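In: here's a sequence, model it:
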Amino acid sequence: MKTAPGDFATALQGHRYLLGDKSVIAMQSGEVIRVRELDHSEPYPLGPAKEVHAAWLKPEPMKYFKGEVPR
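Out: Numbers count the residues shown, from 1 in each chain. As a prediction, this is how the structure comes out:
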C-alpha cells in the first residue's frame, strides 16, 4: 500500500502541543519529531527532548502578537 505525502500527521516547529496531559513545544517539523516539555514553575522551563510521532500530539492554542489564538 502506497501513501501519498500528507497522509500522516505532521507537527510544526515552535508550536505548542499536548502530549498526554503535558504541554510540549515542537523543536522541529515533521512526522516523527523532538519535543520538549514546558514547565513554567522552573527557572529554565524546557525539559529534556523526547522523540514522538506527530499523531500523538494535540495542538494547543497559542497567542501570537496582537492576541491572535490559532485553532
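In: which other helices and strands does the worst-scoring helix or strand of the chain on mean pLDDT contact?
Out: Taking mean pLDDT, DSSP states H and E as the measure, the helix or strand of the chain with the lowest value is strand 58-59, at a mean of 90. If contacts are counted by 3 or more Cβ pairs under 8 Å, 6 or more residues apart in numbering; DSSP states H and E, strand 58-59 sits against strand 16-19. The way it works is simple: take the backbone N, C-alpha and C, and place the C-beta from them, glycine included.
In: between the two ends of stretch 35-51, how far is it?
Out: Using Cα to Cα, to the nearest Å, one end of stretch 35-51 lies 6 Å from the other.
In: which other residues reach it?
Out: Residues from elsewhere that reach stretch 35-51 (Cβ atoms under 8 Å, 6 or more residues apart in numbering): 11, 16-17, 19, 22-27, 32-34, 52, 57.
In: in that stretch, what's buried?
Out: The neighbour-count check on stretch 35-51 (16 or more other Cβ atoms under 10 Å) flags Val35, Glu37 as buried.
In: how far is that stretch from where the chain is centred?
Out: 12 Å (Cα atoms, centre = their mean, to the nearest Å).
In: now that stretch: mean pLDDT?
Out: Mean pLDDT, stretch 35-51: 92.
In: any idea how many residues pack against the closest residue to Lys58 other than its chain neighbours?
Out: Excluding its sequence neighbours, the residue lying closest to Lys58 (Cβ to Cβ, 6 or more residues apart in numbering) is Leu18, at 4.4 Å. By other Cβ atoms under 10 Å, the residues close to Leu18 number 13.
In: check the gap between Leu18 and Pro43 for me.
Out: When distance is defined by Cβ to Cβ, to the nearest Å, Leu18 is 23 Å away from Pro43.
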